[in-house]
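*Asks:* next input, structure requested:
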Amino acid sequence: MEEKGVVTDVTEDTMTVEFKRSSMCEKCGACERAHEQMRIELRRQRGENVGDEVQVQLAEGTLLRAALLAYGLPLLLLLAGLFLGKQLPVWLDLPGNSDWYAMGLGLLFAAGSYALIRWTEPKRKKRGSYAPQVVQVERLCMKECMKEREGK
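*Replies:* As a prediction, the model looks like this:
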């Protein structure tokens, strides 16, 4: 997935890129809060400056991997907790209804998965494996020079 945006803010290491909502974005609905403009913070790689137009690419499969991490891992651990919770009273000869053990362990495992995802987030963010990458930069000064040449 590729989109073009304009750099609106720059710090030493990061930049904010603003995109217009495309027709593809309207079908997704993931960010309904964004009306006309969407913003994302990216790592500066090529000396981008405010006003530069950048083409940002999200690699194939990255969105799927992120969704599997965010939804698949908690679901998997929830199901594992339900199964183990159901078997736990049988294995350990515990009193009470095994459904309560299943529900408790399932919710505990699911909550633990979200804690694990949150705890490992800085490492993933530092690696940048889930972040969109800037693939092309069109400098603001290059645009101005082209306009001047066309005007002469």
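
*Asks:* which one's the longest helix in this protein?
*Replies:* helix 98-127 (DSSP state H).

*Asks:* how far does stretch 84-91 sit from the chain's center?
*Replies:* Averaging C-alpha positions (C-alpha atoms, centre = their mean, to the nearest Å) puts stretch 84-91 36 Å from its chain's average.

*Asks:* if we go by neighbour counts, what in it is buried?
*Replies:* 85-86, 88-89 (16 or more other C-beta atoms under 10 Å). Placement of C-beta: from N, CA and C, glycine included.

*Asks:* so which of those residues comes closest to Val50?
*Replies:* The nearest member of those to Val50, counting by C-beta to C-beta, is Gly85 at 54.2 Å.

*Asks:* who's in contact with that closest one?
*Replies:* Applying C-beta atoms under 8 Å, 6 or more residues apart in numbering to Gly85 gives the contacts 98, 101-106.

*Asks:* which of these are buried?
*Replies:* Buried members of these, scored by 16+ other C-beta under 10 Å, are 101-102, 105-106.

*Asks:* tell me the one of those residues nearest Glu60?
*Replies:* Scanning these for proximity to Glu60, where the rule is C-beta to C-beta, the winner is Gly106, at 33.3 Å.

*Asks:* how about the helices of this protein, start to end?
*Replies:* Going by DSSP H, the chain shows helices at 23-28, 62-67, 73-92, 98-127, 140-151.

*Asks:* just to revisit the earlier point, so what does the longest helix of the chain touch, helix or strand wise?
*Replies:* Applying 3 or more C-beta pairs under 8 Å, 6 or more residues apart in numbering; DSSP states H and E, one finds that helix 98-127 contacts helix 73-92.

*Asks:* now the helix it packs on and helix 98-127, what's the angle there?
*Replies:* 140 degrees (axes from the mean of the first three to the mean of the last three C-alpha atoms, to 10 degrees).
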